[in-house]
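J.: I would like to see how this sequence folds:
(2 chains)
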Number of protein chains: 2
Amino acid sequence: MGFWKSLFSNSAVEPAKKTRLRPVANQNGQIFFSTDRDIDLYELEELCDSVGWSRRPVRKVRIALQHSFVVISMWEQRGGFRRLIGFARATSDHAFNATIWDVVVHPDFQGKGLGKALMLEVIKELRRADISNISLFADAHVVNFYSQLGFNPDPEGIKGMFWYP
Amino acid sequence: MGFWKSLFSNSAVEPAKKTRLRPVANQNGQIFFSTDRDIDLYELEELCDSVGWSRRPVRKVRIALQHSFVVISMWEQRGGFRRLIGFARATSDHAFNATIWDVVVHPDFQGKGLGKALMLEVIKELRRADISNISLFADAHVVNFYSQLGFNPDPEGIKGMFWYP
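T.: Okay, here's the model as predicted:
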């Protein structure tokens, strides 16, 4: 976790670029975003476990992170310790379309606006890359959450569809 | 279009790999799939024009093709001539998810089962890469077409959503 170490170092050499850490607003400076892909995949697995997701092979998760266009993780920092508390990623063609996957906030940190902050960070990164078409597939119980962030379900009758062999 | 030239050459050096061409079944050997990304982007623009899509900057289309996981084009061959008559591509994280975009068949070639053949080819490529989660966003008038290919709209209440700034 070199990026974390560099947070506490005194080096002034492009810290933003090196660490790619940004504090989350209104969180007393204790919660940070990172765009670093070098995440401990077992820590990520623990986070996904905490919200009851099915386990996925770590080998494939590594590939998926490498081939995601945007990866945003969210960390709590207390003293010298840090803990992964949120995650989201997006696939993209780097030009027109991006699709957001695997949005998760640890249950201990839900209800504090962090899911919204995480999504706004993903959108900001995608807009910065000039991606105009941002999509996602929402489980029924989170459609309202995404609607409040500006996502429209079935716009102009467009349907999200999944292939079942 | 080196891949096309090699179709007519007598070279036996891995032609499948070099040309990456496959004849489409039941089309009298006149229609081929290609996975080559080195497509004339103005020919692709003409194809998209033929179905009334909005024009997109060629520079961005090139980037999108480079960063698509699967690109399938469909060609008619007559004598020494070839013509781009269909296209589809998919973005992916190379591990779990793929989303299919830009599915198009030239109007002169619609109603012959070529859209279905094209989609089956895309699905085959994605399955070969062990992608289990294949999705797309379907305009209202093509939902039935995709349903017949095994795509389910809103499975288990999952909603396709698009962000509107």
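
J.: Now whichever residue of chain A sits closest to chain B. Nearest residue, chain neighbours left out?
T.: Residue of chain A nearest chain B, by CB to the nearest CB: A:Gly160 (2.1 Å). Using the backbone N, CA and C atoms, a C-beta is placed for each residue, glycine as well. Spatial nearest neighbour of A:Gly160, chain neighbours left out: B:Gly160 (2.1 Å); criterion: CB to CB, 6 or more residues apart in numbering or on different chains.

J.: For the one you found, pull up the helix or strand it's in.
T.: strand B:159-163 (DSSP states H and E).

J.: List the strands paired with that strand, with their directions.
T.: If you go by DSSP bridges, strand B:159-163 pairs up with strand A:133-138 (antiparallel), strand A:151-153 (antiparallel).

J.: and the longest one, how far out from the chain's middle?
T.: The one in question is strand A:133-138. Here strand A:133-138 is found 14 Å from its chain centre; the criterion is CA atoms, centre = their mean, to the nearest Å.

J.: The last one now?
T.: Mean-position distance between strand A:151-153 and its chain equals 19 Å (CA atoms, centre = their mean).

J.: Mind listing what's buried along it?
T.: A:Phe151, A:Pro153 (16 or more other CB atoms under 10 Å in any protein chain shown).

J.: hmm, back to that, export the strands paired with strand B:159-163 to CSV and append columns for mean pLDDT.
T.: Output for these, formatted as CSV (pLDDT from 0 to 100):
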stretch, mean pLDDT
strand A:133-138, 97
strand A:151-153, 97
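
J.: a markdown table for those, including distance to A:Phe109?
T.: Output for these, formatted as a markdown table (distance: least, CB to CB, whole Å):
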| stretch | distance to A:Phe109 |
| --- | --- |
| strand A:133-138 | 20 |
| strand A:151-153 | 22 |
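
J.: Quick one: the helices in chain A, in order.
T.: A:2-8, A:15-19, A:41-50, A:58-66, A:114-128, A:143-148 (DSSP state H).

J.: Highest mean neighbour count out of those helices?
T.: For these, the largest average neighbour count (mean count of other CB atoms under 10 Å in any protein chain shown) is found in helix A:114-128, namely a mean of 18.

J.: mean confidence for it?
T.: If you average the pLDDT over helix A:114-128, you get 97.

J.: outside of it, which residues touch it?
T.: Applying CB atoms under 8 Å, 6 or more residues apart in numbering or on different chains, the set of residues contacting helix A:114-128 from outside is A:22, A:24-25, A:27, A:31, A:33, A:35, A:69-70, A:72, A:74, A:85-88, A:90, A:92, A:98, A:100, A:103, A:105, A:134, A:145-146, A:148-149, B:163, B:165.

J.: and that helix with strand A:133-138, angle?
T.: Counting by axes from the mean of the first three to the mean of the last three CA atoms, to 10 degrees, helix A:114-128 lies at 150 degrees to strand A:133-138.

J.: hmm, back to that, can you lay out the helices of chain A as TSV showing distance to B:Val122?
T.: Converted to TSV, the helices of chain A look like this (distance: least, CB to CB, whole Å):
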stretch	distance to B:Val122
helix A:2-8	37
helix A:15-19	38
helix A:41-50	29
helix A:58-66	20
helix A:114-128	24
helix A:143-148	27
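
J.: Identify whichever of those helices lies nearest to B:Arg55.
T.: The closest approach between B:Arg55 and any of the helices of chain A, judged by CB to CB, belongs to helix A:114-128 at 22.0 Å.

J.: Can you name the residues bridging to A:Arg82?
T.: Applying DSSP bridges to A:Arg82 gives these bridge partners: A:Gln77.
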